[in-house]
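J.: 3D, please:
(one chain, ligands or ions: 1)
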Amino acid sequence: MKNYKYIKHKTKKCSICKEALDVMVSTETKEILWDQGNNADPYNNGRCCESCNMQVVLPLRITLWRQNG
Ligand SMILES: [Zn+2]
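T.: Sure, this is the predicted structure:
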């Protein structure tokens, strides 16, 4: 069961789309569970939001992995 949600970070920005990073917040206690975004490597060496992670970084990782394989 999902007991967290995503809200927008107040200051940190995604290094790919420049939108606010996603912050994972517990829906029960309201505490911040994770606010560091995702590792954008190998796209760049910054952090990225959930949607860029899914749409840009993970496909790139798979592509590079296939090339190396
Ligand atoms: Zn992004």
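J.: switch to C-alpha atoms for all contacts and neighbour counts from now on
T.: Will do.
J.: now the longest helix seen in the chain: average pLDDT?
T.: Criterion DSSP state H: the longest helix present in the chain is helix 58-68. The average pLDDT within helix 58-68 is 95.
J.: quick one: buried residues of it?
T.: Buried residues in helix 58-68, counted by 16 or more other Cα atoms under 10 Å: Leu58, Leu60.
J.: what about that helix, near the ion?
T.: No: on the criterion Cα under 5 Å from the ion, helix 58-68 is out of touch with the ion, staying 12.5 Å away.
J.: identify all contacting residues around that helix.
T.: When contacts are defined by Cα atoms under 8 Å, 6 or more residues apart in numbering, helix 58-68 is touched by residues Pro42, Tyr43.
J.: with only the CA atoms kept, save that helix in PDB.
T.: Only the C-alpha atoms of helix 58-68 are listed here, as PDB (Å, rounded to 0.1, in the frame of the first residue of the first chain):
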ATOM      1  CA  LEU A  58      16.600   5.000 -17.100                       C
ATOM      2  CA  PRO A  59      16.200   4.600 -20.900                       C
ATOM      3  CA  LEU A  60      19.700   6.100 -21.400                       C
ATOM      4  CA  ARG A  61      21.100   3.700 -18.800                       C
ATOM      5  CA  ILE A  62      19.500   0.700 -20.600                       C
ATOM      6  CA  THR A  63      20.800   2.000 -23.900                       C
ATOM      7  CA  LEU A  64      24.400   2.300 -22.600                       C
ATOM      8  CA  TRP A  65      24.100  -1.100 -20.800                       C
ATOM      9  CA  ARG A  66      23.100  -2.800 -24.100                       C
ATOM     10  CA  GLN A  67      26.000  -1.100 -26.000                       C
ATOM     11  CA  ASN A  68      28.400  -2.300 -23.400                       C
END
